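Colleague: below are the sequence and a predicted model for it; my questions follow.
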Amino acid sequence: MTSLASSARAPTDVLRHVFGFERFRGRQEEIVTHVCGGGDALVLMPTGGGKSLCYQVPALVRPGTGIVVSPLIALMHDQVQALRQLGVKAAMLNSSLAPAEARQVERQLAMGELDLLYVAPERLLTESFLHLLDGARIALFAIDEAHCVSQWGHDFRPEYRQLTVLHARFPGVPRIALTATADGPTRREIVERLALEEGRVFLSSFDRPNIRYRIAPKNNPRAQLRAFLDEHEGEAGIVYCMSRAKVEATAQMLATEGRTALPYHAGLDGETRARHQDRFLKEEGIVMVATIAFGMGIDKPDVRFVAHLDLPKSIEAYYQETGRAGRDGLPSEALMLYGLEDVAKLIQFVDGSDAPDARKRVERAKLDALLGLCETAQCRRQVLLSYFEEELPQPCGNCDTCLNPPKTFDGTEAARKLLSCVYRTGERFGAGHVIDVLLGQATEKVVKFGHDKISTFGIGKDFSRDEWRAIVRQLVAMGLLVVDVEGHGALGLAEKCRPVLRGEEKVELKAEARARPARTGGGER
Ligand code: ADP
Ligand code: ZN
């Protein structure tokens, strides 16, 4: 037992008297109890779920200093300020500190004067700091934003990989890793990379029921955005664009329409960014038009909407970015517009990179999943959550497909035509060529390969090129067609398509594929 002088406090006492909260939320209590007892843990909780308390409370309950590894200086700074206001002895060590200040913090650590110490990973991993830790009393290690160990993710930090040293060097100290990004592969990678095999995994539901999801094809993005913003008059929100130029143009367009819109991207100088961020946080009803440079660590509870004018990089990115809406639990909305060009751009981006093939395959699978979310006629939330290996038993009733179920038609015939044509042309060609054959267009390439002589030439004239493209997207999203990574986007048949080809299974397609009038001529390829 510990001595009277350092008499351990009960977690609920700490929660009430230090943090001023009446009770734990969700799985917090379980996690806190487990870590207080010296166990390792991996905590997967959505943004706003209350991850911080999961290590802050045990750090105060257990004797010694809680060491928190955090990748973002801004985030560290905010946390430390907030803790100090609560009377917690918290400090941080990172490159923003002057050498004298850093030495002062190190002295406090050695003297056992700190409850919590936030450290940047590169600092933690220095031999001098590890040596300092050898002589200190450590309550626990918390590894925040633990998905940074994953090289597949968007926030990869190589130093995170070396954090296993904590386990090797301080085997008796509990470690708690926390993240809000957690598809299955990332989750498994965190466990492996941080040697958390012995730890317990605490998986909270990732559902954000107060966010209404809406995803629409990009027909007239300006008008679509305008209509969306009109529904959110006077509310604060974020509009994400892929490029800096588009951020500038969009912010300007909105400003000329009399809205309070501010641009934010990494190309703006630090002072401007800080000013815009500050206004977004403090004023009401600001629309932040931004690249993904904006958002990480922004704690604004009443963001009422998030709009994506371009496709995000993956479902995880989409989830993270839309997750910035409605942290206060009140109704909020997420709109995403997507076009085939976006998809093509992302495919090119992946295929054209010099990443190893294994990685490209993962990236392509992620893109396919995102496409599936866009094309689904099912409840968006069910599709979204299933990506995180979570099952929502009933359709949510709070997404566009639930509220306005898309009209579908029996697309079995169309699907069979397309699948046969892919088969007859040898599963070696991209959508453009296959559609040429279906439409009976004797292009040079079609003639060269003798595809004007095959049975599927010209059997698809009842659909336009755009309609065929929509059908291709849907069959890809359904997993009936696969896009070959190595074969320059060649379409191939998936095992799943056999029953459809044999006429044993029906295919429902969204009627939207039939909505537009057939274009004359070749149109876009
Ligand atoms: P995360 O890091 O998971 O995004 P935070 O730890 O920042 O979430 O917590 C989100 C918000 O919820 C904070 O404002 C926090 O004070 C509040 N919060 C967390 N746990 C509780 C609780 N048990 N009772 C009341 N509020 C809580
Ligand atoms: Zn739904």
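Modeller: Received it, and whenever you're ready, just let me know what you need. Residues are numbered from 1 along each chain as shown. Ligands and ions are numbered 1, 2, ... in the order given.
Colleague: quick one: the strands in the stretch 301-450 of the chain, in order.
Modeller: For the stretch 301-450 of the chain, strands defined by DSSP state E, counting those that start in this stretch occupy the ranges 305-308, 332-338, 408-410.
Colleague: identify whichever of the ones you listed lies nearest to residue 490.
Modeller: Within the strands of the stretch 301-450 of the chain, the stretch nearest residue 490 is strand 332-338; the backing value is 22.5 Å (Cβ to Cβ). Every C-beta, even on glycine, is put in place using the N, C-alpha and C of the backbone.
Colleague: list the buried residues of the closest one.
Modeller: Neighbour-count burial for strand 332-338 flags 332-338 (criterion: 16 or more other Cβ atoms under 10 Å).
Colleague: of the residues you listed, closest to ligand 1?
Modeller: For these, the residue nearest ligand 1 by Cβ to the nearest ligand atom is residue 332; the value is 15.3 Å.
Colleague: rewinding a little: okay if I get the strands of the stretch 301-450 of the chain as CSV plus distance to ligand 2 and mean pLDDT?
Modeller: Formatted as CSV, the entries for those read as follows, by distance: least, Cβ to the ion, whole Å; pLDDT from 0 to 100:
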stretch, distance to ligand 2, mean pLDDT
strand 305-308, 17, 98
strand 332-338, 12, 96
strand 408-410, 16, 92
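Colleague: turn these into a markdown table, including distance to residue 271.
Modeller: Supplementary listing: the strands of the stretch 301-450 of the chain in a markdown table, determined by distance: least, Cβ to Cβ, whole Å:
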| stretch | distance to residue 271 |
| --- | --- |
| strand 305-308 | 25 |
| strand 332-338 | 30 |
| strand 408-410 | 52 |
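Colleague: for residue 21, which of those is the nearest?
Modeller: Taking Cβ to Cβ as the measure, those were each checked against residue 21, and strand 332-338 came out nearest at 23.2 Å.
Colleague: just checking: what are the partner strands of the closest one?
Modeller: strand 211-217 (parallel), strand 305-308 (parallel) (DSSP bridges).
Colleague: send the alpha carbons of the shortest one over as PDB?
Modeller: This points to strand 305-308. Taking only C-alpha atoms (Å, rounded to 0.1, in the frame of the first residue of the first chain), the coordinates of strand 305-308 have been written out as PDB:
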ATOM      1  CA  PHE A 305     -22.000  21.700 -40.600                       C
ATOM      2  CA  VAL A 306     -19.100  20.300 -42.600                       C
ATOM      3  CA  ALA A 307     -19.200  20.300 -46.400                       C
ATOM      4  CA  HIS A 308     -16.900  18.500 -48.700                       C
END
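Colleague: residues in contact with that strand?
Modeller: Under the contact criterion Cβ atoms under 8 Å, 6 or more residues apart in numbering, strand 305-308 has outside partners 225, 228-229, 232, 235, 237-240, 318, 321-322, 324-325, 332-338.
Colleague: buried residues, it. List them.
Modeller: 305-308.
Colleague: please pull out the lowest mean pLDDT helix or strand from this protein.
Modeller: helix 340-352 (a mean of 76; mean pLDDT, DSSP states H and E).
Colleague: show me what from this protein comes close to ligand 1.
Modeller: Remark: the part of the chain in contact with ligand 1 comprises 21, 24-25, 28, 45, 47-53, using Cβ under 6 Å from any ligand atom.
Colleague: which single one of these is nearest to residue 295?
Modeller: When these are compared for distance to residue 295 (Cβ to Cβ), residue 47 wins out at 9.9 Å.
Colleague: surely that closest one and residue 327 touch.
Modeller: Yes. Taking Cβ atoms under 8 Å as the definition, residue 47 is a contact partner of residue 327 at 7.0 Å.
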